[in-house]
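Sequence and predicted structure are below.
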Amino acid sequence: MIPPKRPRGGAAHVTAPRPQGKDPSLRRSLALFRAFLHEQDDPESCYSLLARDAADQVEAYDGPVAGRTVVDVGGGSGYFTEEFRRRGAHAFLFEPDMAELGEKPPDSAVVADGYLLPLRDGVADVTFSSNVLEHVADPETFLSELARVTRPGGLIYVSFTNWLSPWGGHEWAPWHYFGAERARARYLRRTGRPAKHTLGENLFAVHIGSTLRQVRARDDVTVVSARSRYWPFLAEAVVKAPVLREFATWNLLLILRRCPT
Ligand SMILES: C[S@@+](CC[C@H](N)C(=O)[O-])C[C@H]1O[C@@H](n2cnc3c(N)ncnc32)[C@H](O)[C@@H]1O
């Protein structure tokens, strides 16, 4: 679970360089990496930085979000929604799990499943989903729903940690390379706590190659970019290398554009 946010205004922000355009810098990747290392002891800084970085990525592809409607699907406790709002967007959080929403979700957060969003067709200028795809059993249906609620010409931001990424096993990574059950058992032994994720229940083995093939075969979206979300260089090149990409991409970012109907 993403730790709940501190009360508004109490955030201790990490200062991070803003990525320049579509090819972010090594400084930016290092700042993200350092923040991830402190995810457990300083989640506020980590997720605030990640949210600013993701909003920068959206704006690098689609221009300022101010005045636009942004739909954040599976947004946890709302760091991303709040960052989009800070930038002037009409941003809305849809999250199915009350525990993930925490005690201080953004105003007007909606408890809703990404498979069936309570939204009319084409309402969103930007549909945003960060690190959710690997948590749904049917990614194709999930993507169809993201496309449905996005207006023709609108942007869809989807990122996920693929199974063979060094972080693919989440809290039991990198031991997932030796099998999910063994990795879960090891986590329990080491921490004394049951792992949050169980393969086939709330974590699924999503692969980059098959996901790209599925997305490219769709007629409701075009692929603007398929790249590593965090890498400072070769971010698009690594995704073009079969086999290697499954291990080296770490987290795949798909920037999709909704086709005209
Ligand atoms: C790893 S968290 C990611 C949260 C946040 N988007 C981020 O990037 O930090 C995965 C989120 O996906 C949500 N989720 C799982 N199944 C979902 C579904 N069918 N529809 C929408 N969200 C879902 C979970 O409740 C959880 O909040």
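Ah, there it is. Residues are numbered from 1 along each chain as shown.

Distance check, R182 against R213.
Taken as C-beta to C-beta, to the nearest Å, the spacing of R182 relative to R213 amounts to 30 Å. Quick note: C-beta positions are derived from backbone N, CA and C, even for glycine.

Name the residue in the two with the higher neighbour count.
R182 (13 against 10; other C-beta atoms under 10 Å).

which element is that one on?
Element membership for R182, per DSSP states H and E: helix 180-191.

Tell me where the model's unsure across the stretch 1-150 of the chain.
Low-confidence segments of the stretch 1-150 of the chain, defined by pLDDT under 70: 1-24.

Show me what from it comes close to the ligand.
Contacts of the stretch 1-150 of the chain with the ligand, taken as C-beta under 6 Å from any ligand atom, map to 2, 73-76, 95-97, 100, 113-115, 130-132, 135-136.

how about a cut-off of 8 Å?
On the criterion C-beta under 8 Å from any ligand atom, the ligand has as its neighbours in the stretch 1-150 of the chain the residues 1-2, 47, 50, 54, 72-76, 79-80, 94-97, 100, 112-115, 129-132, 135-136, 142.

Looking at these, which are in strands?
The subset of those located in strands under the criterion DSSP state E comprises D72, V73, F94, S129, S130.

State the distance from the residue lying closest to R85 once chain neighbours are set aside to L252.
With C-beta to C-beta, 6 or more residues apart in numbering as the measure, A91 is the residue that lies nearest to R85, at 4.9 Å, once sequence neighbours are left out. According to C-beta to C-beta, A91 stands 23 Å off from L252.

try S210
With distances defined as C-beta to C-beta, the gap from S210 to L252 amounts to 11 Å.

and the two? which has more neighbours close in?
Ranked by neighbour count (other C-beta under 10 Å), S210 and L252 place L252 first, with 26 against 12.
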